[in-house]
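>>> Quick check, what structure comes out for this input:
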Amino acid sequence: MEGLIAYIDGIGWWSPGVPDWTQAAYLLRGEEIAAPDASAKPAANVLPATERRRAPESVRLACEVAEQACAMGARDPSALPCVFASAHGDCATTDALCATLAAAPLETSPTRFHNSVHNAPAGYWTIAAQCRAPSGAIAAGAGTFAAGLFEAAVEAHADATPVLFAAYDVAAAGALTDVVGSRAPFAAALLVSASRGPHTCASLHLRHESEATAPTAAPTRLAALAATNLIAAALPLFAALANGEETTIRLRNGAQTMLAIEVRS
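Reported below is the predicted structural model:
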C-alpha cells in the first residue's frame, strides 16, 4: 500500500524515573538529566482525587501520557477521539482477580473487576476529560504500538480530526510473569493529525511492509528499558523525534509484517 502521513502535534511519556517528554528527550539525545526518582508514580492529574487513589497503575499511566500529549498540542481533550493500546492490559489487577476467584470467589471486588477490562483506561480517561468523542482499545501483542499508531492515523484521516493515541503496559504479576514479557511500566502518547498545524513537531509517513525485515533496535543506552516492556518497542521512533532525525523506523506490526515509519520534520 502507498501508506499515509500522520502529523505529530503532541507527545507524552512516562517511564520509571523519567516522568515527561522533556526529560525523556534529554535522555534520548544522550544528555544528562536530574537524578531520577524511581519510586515516583504517574501524576494523572486529569483524574479526580478519589478516582486517582483507587485507579490501577495502567489507568494512571495512560491518563498521564494522554494529558501530556494534549497539553503539548494545545488541544481540548474533551473533543478528541482516542485510541488506547496495551499488549497485556493490567496484569496486576488480572492476577489479583484470578487469585480471588480461585480462593474465595464471593469476595470478588466489582471495582477490581471493572479495572481488569482492557478498555478501562480509555473509560477513565473519557469520563475524566468529559470526552464524548469515539474511543477504542487495541491489543496486538508485540505489534501493539504499531497497530495503535496506524489506527489513530487512519481515524485522523477518515474523520479529518486530530486523534489522541496512548500506549502503555505495566509489569507482569503473579503467574502471568512467566508468560508476559513486561517487567517494568512504560507509557507514551502521540497527538496525531491528518494535516500540519501550528504545533506540529514531525511528520510520519506510514506504510506496511510484507517482507520479513528486522525491527529497528532501540538505542544502546535504552536497551534495558526496551527489553522490559513490549510498548518500549517504540523507543527508536521516540529517539528519532527527540533528535530531530529524518530516518526510517521499522516496528513489528504482525508475525511477518512491519510498519515502516519515515520520520520527517
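>>> quick one, strands of the stretch 151-265 of the chain?
With DSSP state E, counting those that start in this stretch, the ranges of strands along the stretch 151-265 of the chain come out as 163-169, 186-193, 202-209, 247-252, 258-264.
>>> ok, and for the last one, which residues are buried?
Within strand 258-264, the residues that count as buried by 16 or more other C-beta atoms under 10 Å are Met258, Leu259, Ala260, Ile261, Glu262, Val263. (Each C-beta comes from the backbone N, C-alpha and C, glycine too.)
>>> Rebuild those residues as CSV, extending it with pLDDT and distance to Gly89.
What follows is the buried residues of strand 258-264, written out as CSV (pLDDT from 0 to 100; distance: C-beta to C-beta, whole Å):
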residue, pLDDT, distance to Gly89
Met258, 93, 24
Leu259, 95, 22
Ala260, 96, 28
Ile261, 97, 25
Glu262, 97, 31
Val263, 97, 29
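>>> now, among those, which is nearest to Ser135?
Closest approach between these and Ser135, by C-beta to C-beta: Leu259, at 21.8 Å.
>>> quick one: the closest one from Arg54, how far?
36 Å (C-beta to C-beta, to the nearest Å).
>>> picking that back up, got TSV for the strands of the stretch 151-265 of the chain, with distance to Leu61 too?
Output for the strands of the stretch 151-265 of the chain, formatted as TSV (distance: least, C-beta to C-beta, whole Å):
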stretch	distance to Leu61
strand 163-169	4
strand 186-193	4
strand 202-209	23
strand 247-252	20
strand 258-264	22
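>>> quick one, which of those strands is nearest to Val180?
Closest of these to Val180 is strand 163-169, at 8.6 Å (criterion: C-beta to C-beta).
>>> what's the angle from the closest one to strand 186-193?
Strand 163-169 and strand 186-193 are oriented at 170 degrees to each other (axes from the mean of the first three to the mean of the last three C-alpha atoms, to 10 degrees).
>>> Mind giving me the packing neighbours of strand 163-169?
helix 57-72, strand 82-85, helix 120-128, helix 144-159, strand 186-193 (3 or more C-beta pairs under 8 Å, 6 or more residues apart in numbering; DSSP states H and E).
>>> tell me the mean pLDDT over the last one?
When you say that, I think you mean strand 186-193. Mean per-residue pLDDT for strand 186-193: 98.
>>> now the first one
Along helix 57-72, the predicted confidence averages to a pLDDT of 97.
>>> pull the CA atoms of it into PDB?
What follows is helix 57-72, C-alpha atoms only, in PDB (Å, rounded to 0.1, in the frame of the first residue of the first chain):
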ATOM      1  CA  GLU A  57      -1.300   1.700  37.600                       C
ATOM      2  CA  SER A  58      -2.400   1.100  34.000                       C
ATOM      3  CA  VAL A  59      -5.000   3.800  34.200                       C
ATOM      4  CA  ARG A  60      -2.700   6.300  35.800                       C
ATOM      5  CA  LEU A  61       0.000   5.600  33.200                       C
ATOM      6  CA  ALA A  62      -2.400   6.000  30.200                       C
ATOM      7  CA  CYS A  63      -4.100   9.100  31.600                       C
ATOM      8  CA  GLU A  64      -0.700  10.800  32.500                       C
ATOM      9  CA  VAL A  65       0.800  10.500  29.000                       C
ATOM     10  CA  ALA A  66      -2.500  11.300  27.300                       C
ATOM     11  CA  GLU A  67      -2.800  14.500  29.300                       C
ATOM     12  CA  GLN A  68       0.800  15.500  28.400                       C
ATOM     13  CA  ALA A  69       0.200  15.000  24.700                       C
ATOM     14  CA  CYS A  70      -2.900  17.100  24.800                       C
ATOM     15  CA  ALA A  71      -1.100  19.900  26.700                       C
ATOM     16  CA  MET A  72       1.800  19.900  24.300                       C
END
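>>> could you say what helices and strands that helix packs with?
So helix 57-72, by 3+ C-beta pairs under 8 Å, 6+ apart, packs with strand 4-14, helix 120-128, strand 163-169, strand 186-193.
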